[in-house]
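Participant: need a structure here:
(one chain, ligands or ions: 1)
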Amino acid sequence: MKFSLFTLATVASTASAFTSSFTKTTPVAAGVANSDSALFMKYKVAVVGGGPAGACAAEIFAQEKGIDTILFERKLDNAKPCGGAIPLCMVGEFDLPETVVDRKVRKMNLISPTGVEVDIGDTLKPDEYIGMCRREILDKYIRDRAFEYGAECVNGLVTSIDVPEDHKTSESQYTINYQEYQEGSSAGVPKTMNVDLIVGADGANSRVAKAMDAGLYNFAIAFQERIKIPDDKMAFYEEMAEMYVGDDVSPDFYGWVFPKYDHVGVGTGTVLNRPAIKQYQKAIRDRAGDKIAGGKIIKVEAHPIPEHYRPRRVQGRIALVGDAAGYVTKCSGEGIYFAAKSGRMAAEEIVALMDGGKKLPTQGDIERTYIAKYDKAYGPTYAVLDALQKVFYSNNGAREAFVELCNSKYVQQVTFDSYLYKRVQGNNPLDDIKLLGETIGCLIKGYATAKPDAEFSNPIESQKRI
Ligand SMILES: Cc1cc2nc3c(=O)[nH]c(=O)nc-3n(C[C@H](O)[C@H](O)[C@H](O)COP(=O)(O)OP(=O)(O)OC[C@H]3O[C@@H](n4cnc5c(N)ncnc54)[C@H](O)[C@@H]3O)c2cc1C
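Facilitator: Numbers count the residues shown, from 1 in each chain. Prediction:
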């Protein structure tokens with residue numbers, strides 16, 4: 001990707017040691033087919049977590065017949081708390097049927113603290129849209145595809161992992177401890193499984209990350225209510241999503257109303273003042289006002305959203321992907337595409353390193369491939385969106401300026417190109433310079449006219465930055 005510094009800012013404004021490998025010599029063991037062709041056990045790869053990251057990793061491993069792939073998922077009908085917005089490119093790139101998309105959003109209203117509205121979807125072409133999904137549908141579709149390719153399903157909660165001290169220098173196996181759930185029973189049966197390599201795709205509260213000592217990250221708490229609104233009101237959200245900015249709905253993020261198949265998802269998030277999340281949730285309901293009046297809350301959900309990468313994403317033969325690694329962009333809070341992409345990318349690189357299941361990769365191998373390629377592709381997107389969130393979501397003046405800027409067709413075009421296709425193209429240096437002037441003008445105007453942010457005190461959590 002080629003970026004000018006300022007274009008980077010506009011792009012992101014709405015929305016991205018050991019040198020030798022081990023060779024498999026493990027002799028045939030109990031339980032392994034006793035034929036000449038099966039003199040050696042296959043290496044076992046465990047993918048922990050069956051969300052987009054884990055499912056996309058498992059389907060790649062499962063297609064390599066020289067590797068045994070096991071996918072652990074604690075809840076096969078999991079409905080991950082999520083807005084469910086996915087970029088258009090994900091549908092084609094991950095071969096998703098349109099049935100996983102509940103709504104095609106073609107209008108995206110951005111609403112300022114003083115109620116100024118801008119349709120930032122104005123430049124979308126007729127065949128372009130933002131997909132709105134229910135995660136229980138999307139995740140199940142990709143996960144089932146991994147099982148069809150041959151991944152073994154373990155419906156179980158991974159409780160801990162025994163990591164041998166010498167795992168960076170030997171082929172010692174990892175022991176996964178888990179509670180397996182049998183059909184018809186909610187009580188888990190404690191079990192263990194030895195595996196050769198682990199992909200941690202178990203989300204923001206990752207137990208794999210804990211077991212490998214990946215380190216901590218800051219996180220936002222995001223809250224969402226699924227609200228069933230009357231049909232006439234639902235008609236308004238047919239192709240419409242709304243993003244509200246203001247210190248009333250969040251001191252550092254945005255509130256949203258996203259349409260789902262027969263209801264809307266109404267939510268918000270914050271890092272700075274997590275204890276007040278319910279107050280911000282009430283405010284987003286109030287801001288949406290009459291548009292969701294008479295609605296019935298059918299589900300309340302909350303979950304952490306990582307703010308940045310974990311300090312360590314690979315240790316020995318354990319690699320993290322998706323939220324477990326910390327791959328959510330600031331500003332937009334987008335993580336589904338990056339989870340799917342990182343899961344697929346990590347698996348493709350590891351499968352190539354394993355050379356048909358003949359050898360195990362080292363930590364250095366995985367870092368030089370998966371980690372280096374991921375960071376090269378998406379590192380700039382994370383950095384720019386981080387900077388933009390700091391500039392535009394920090395106070396009401398900046399938020400007013402942000403909404404005004406988004407009136408620019410150029411900003412909309414560049415923004416949607418980067419969001420929908422995860423690429424930047426056709427940036428015009430003259431437009432960039434013009435935009436820089438407009439940005440400064442909008443910021444000055446915004447600061448001069450906006451009401452100051454409400455003060456809050458959250459001394460314990462706010463100061464606890466990692
Ligand atoms: C309220 C909210 C709104 C959001 N809105 C959007 C949005 O609109 N668009 C967007 O792109 N992103 C959004 N995100 C972010 C997005 O949800 C995540 O980035 C994405 O789900 C990450 O996918 P993942 O596969 O890495 O992890 P997850 O989706 O969290 O999946 C982890 C899976 O692992 C399983 N699991 C966890 N622990 C264990 C264990 N110990 N043993 C076995 N299984 C386990 C879980 O059941 C789950 O299925 C939102 C997040 C929140 C909280």
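
Participant: point out where the stretch 251-400 of the chain drops to low pLDDT.
Facilitator: In the predicted model, the stretch 251-400 of the chain carries no residue with pLDDT under 70.

Participant: that one against the ligand: which residues are in contact?
Facilitator: Counting by CB under 6 Å from any ligand atom, the stretch 251-400 of the chain comes close to the ligand at 267, 303, 305, 322-324, 328, 333-337, 339. In short, each C-beta sits where N, CA and C put it, glycine included.

Participant: ranking those by neighbours, who comes first?
Facilitator: Gly322 (33 neighbours; other CB atoms under 10 Å).

Participant: coming back round to it: from the residues of the stretch 251-400 of the chain next to the ligand, which ones fall inside helices?
Facilitator: Counting by DSSP state H, the part of these found in helices is 322-324, 336-337, 339.

Participant: so which two of those are the farthest from each other?
Facilitator: Comparing every pair within these by CB to CB identifies Ala324 and Tyr337 as the most remote, at 15.7 Å.

Participant: got the end-to-end distance for stretch 45-55?
Facilitator: Start-to-end span of stretch 45-55 (CA to CA, to the nearest Å) is 13 Å.

Participant: that one: which residues count as buried?
Facilitator: Buried positions in stretch 45-55, judged by neighbour count with 16 or more other CB atoms under 10 Å: 45-55.

Participant: what about stretch 212-223, distance to the chain center?
Facilitator: 13 Å (CA atoms, centre = their mean, to the nearest Å).

Participant: kindly check the end-to-end length of that stretch for me.
Facilitator: 29 Å.

Participant: buried set for that stretch?
Facilitator: 212, 214, 217, 219-223.

Participant: near the ligand, which of the residues you listed show up?
Facilitator: By CB under 6 Å from any ligand atom, the members of these lying near the ligand are Ala222.

Participant: in CSV: the buried residues of stretch 212-223, plus distance to Lys260 and secondary structure.
Facilitator: Output for the buried residues of stretch 212-223, formatted as CSV (distance: CB to CB, whole Å; DSSP: H, G, I helix; E, B strand; the rest coil):
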residue, distance to Lys260, secondary structure
Met212, 35, coil
Ala214, 33, coil
Tyr217, 29, coil
Phe219, 24, strand
Ala220, 21, strand
Ile221, 21, strand
Ala222, 16, strand
Phe223, 16, strand
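
Participant: between the ones in helices among the residues of the stretch 251-400 of the chain next to the ligand, which is nearest Phe456?
Facilitator: For these, the nearest to Phe456 is Asp323 (26.8 Å; CB to CB).

Participant: I figured that closest one hits Pro306, correct?
Facilitator: Yes - contact criterion CB atoms under 8 Å: Asp323 and Pro306 qualify, at 5.6 Å.

Participant: what do these two both touch?
Facilitator: 204, 335 (CB atoms under 8 Å, 6 or more residues apart in numbering).

Participant: can you show me the strands along the stretch 351-466 of the chain?
Facilitator: For the stretch 351-466 of the chain, strands defined by DSSP state E, counting those that start in this stretch occupy the ranges 359-360.

Participant: try the stretch 151-300 of the chain
Facilitator: 152-162, 174-181, 188-195, 197-200, 219-228, 240-244, 255-259, 264-270, 296-306.

Participant: among those strands, show me which one is buried the most.
Facilitator: Mean neighbour count (mean count of other CB atoms under 10 Å) peaks for strand 197-200 among these, with a mean of 29.

Participant: other SSEs contacting it?
Facilitator: Secondary-structure packing of strand 197-200 (3 or more CB pairs under 8 Å, 6 or more residues apart in numbering; DSSP states H and E): strand 43-48, helix 52-62, helix 207-211, strand 318-320, helix 336-354.

Participant: contact residues of the stretch 1-150 of the chain facing the ligand?
Facilitator: Counting by CB under 6 Å from any ligand atom, the residues of the stretch 1-150 of the chain close to the ligand are 48-54, 72-75, 78, 80-85.

Participant: CA atoms only: put stretch 385-401 into CSV for me.
Facilitator: Extracted in CSV, the C-alpha atoms of stretch 385-401 (Å, rounded to 0.1, in the frame of the first residue of the first chain):
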residue,chain,number,x,y,z
LEU,A,385,-6.6,4.6,13.1
ASP,A,386,-5.0,4.9,16.5
ALA,A,387,-3.8,8.4,15.8
LEU,A,388,-7.2,9.4,14.3
GLN,A,389,-9.1,8.1,17.3
LYS,A,390,-6.9,10.3,19.5
VAL,A,391,-7.5,13.4,17.3
PHE,A,392,-11.2,13.1,16.4
TYR,A,393,-12.8,11.2,19.3
SER,A,394,-11.2,13.1,22.2
ASN,A,395,-13.6,16.0,22.7
ASN,A,396,-16.8,17.5,21.3
GLY,A,397,-15.0,20.1,19.2
ALA,A,398,-13.0,17.5,17.4
ARG,A,399,-16.0,15.4,16.9
GLU,A,400,-17.9,18.2,15.3
ALA,A,401,-14.9,18.8,13.0
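
Participant: starting at the chain centroid, how far to that stretch?
Facilitator: Worked out by CA atoms, centre = their mean, stretch 385-401 lies 21 Å from the chain centre.

Participant: in it, what counts as buried?
Facilitator: Buried-residue list, stretch 385-401, by 16+ other CB under 10 Å: 385, 388-389, 391-393, 395-401.

Participant: so, low pLDDT: which residues of the stretch 51-200 of the chain?
Facilitator: By pLDDT under 70, the stretch 51-200 of the chain has no low-scoring segment.

Participant: compute the number of surrounding residues for Gly92.
Facilitator: If you count neighbours by other CB under 10 Å, Gly92 ends up with 9.

Participant: report pLDDT for the residue nearest to Ile277 when sequence neighbours are not counted.
Facilitator: What sits nearest to Ile277 in space, not counting adjacent residues and going by CB to CB, 6 or more residues apart in numbering, is Phe223, at 4.9 Å. As predicted, Phe223 sits at a pLDDT of 97.

Participant: which one of the buried residues of stretch 385-401 is nearest Val195?
Facilitator: Relative to Val195, the closest of the buried residues of stretch 385-401 is Leu385; by CB to CB it sits at 35.0 Å.
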